[in-house]
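**Student:** Next one to model:
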Amino acid sequence: MKVLLSFLSISLLILGTILPVYGHQDGCHRWHSCPSDSGSYTCGDKGYCSECPNNNFCYNGQPKSSSSSSSSSSGYSSSSSGQQYTQESISKYTTKIDQLTKENSKLKQENFDLKSQIKQLNKKIDSLNSIIREQLNVILQWIQSK
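**Tutor:** Numbering: from 1, shown residues only. The predicted structure is shown next:
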């Protein structure tokens, strides 16, 4: 019984490591049906689409290029996310970054101004506390003298 259990465990372990390896080598395995983070393949890590179904990256067994002017003979995508960044979209994001940077600077200045106001108010509070203490001392002395 122990031998059978050992054999079964080892078989499952071997089977569990072999199957993912074959899936990894399949150019259109579901793990590789979208572009990699580095843009190193279009529809699988082999860089071709002959075995792939039509999807965002392959059409009729050929890699789709992200734009008509940037097709590559090896079938690799020129963009890591599969989309082409246009000058307009870059300009839009640059404008947004500039706007947020200005807003951040403005908020920092407002924060600095508020901190200055708080310091001034704390000084006034300290001054008023001092005056109140003096008045209380005068009142205490008057009460003690009676």
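**Student:** Following the chain past the lowest-mean-pLDDT helix or strand in the chain, name the next helix or strand.
**Tutor:** Using mean pLDDT, DSSP states H and E, the weakest-scoring helix or strand in the chain turns out to be helix 2-25, at a mean of 69. Counting by DSSP states H and E, the element after helix 2-25 in chain order, helix or strand, is strand 58-59.
**Student:** That next one pairs with which strands?
**Tutor:** The strands beside strand 58-59 in its sheet (DSSP bridges) come out as strand 62-63 (antiparallel).
**Student:** tell me the mean pLDDT for the partner strand?
**Tutor:** Summarised as a single mean, pLDDT over strand 62-63 is 74.
**Student:** okay, now the closest residue to N54 other than its chain neighbours: neighbour count?
**Tutor:** Once flanking residues are discounted, N54 sits nearest to N60: 6.9 Å by Cβ to Cβ, 6 or more residues apart in numbering. Using the backbone N, CA and C atoms, a C-beta is placed for each residue, glycine as well. Using other Cβ atoms under 10 Å, N60 is surrounded by 9 other residues.
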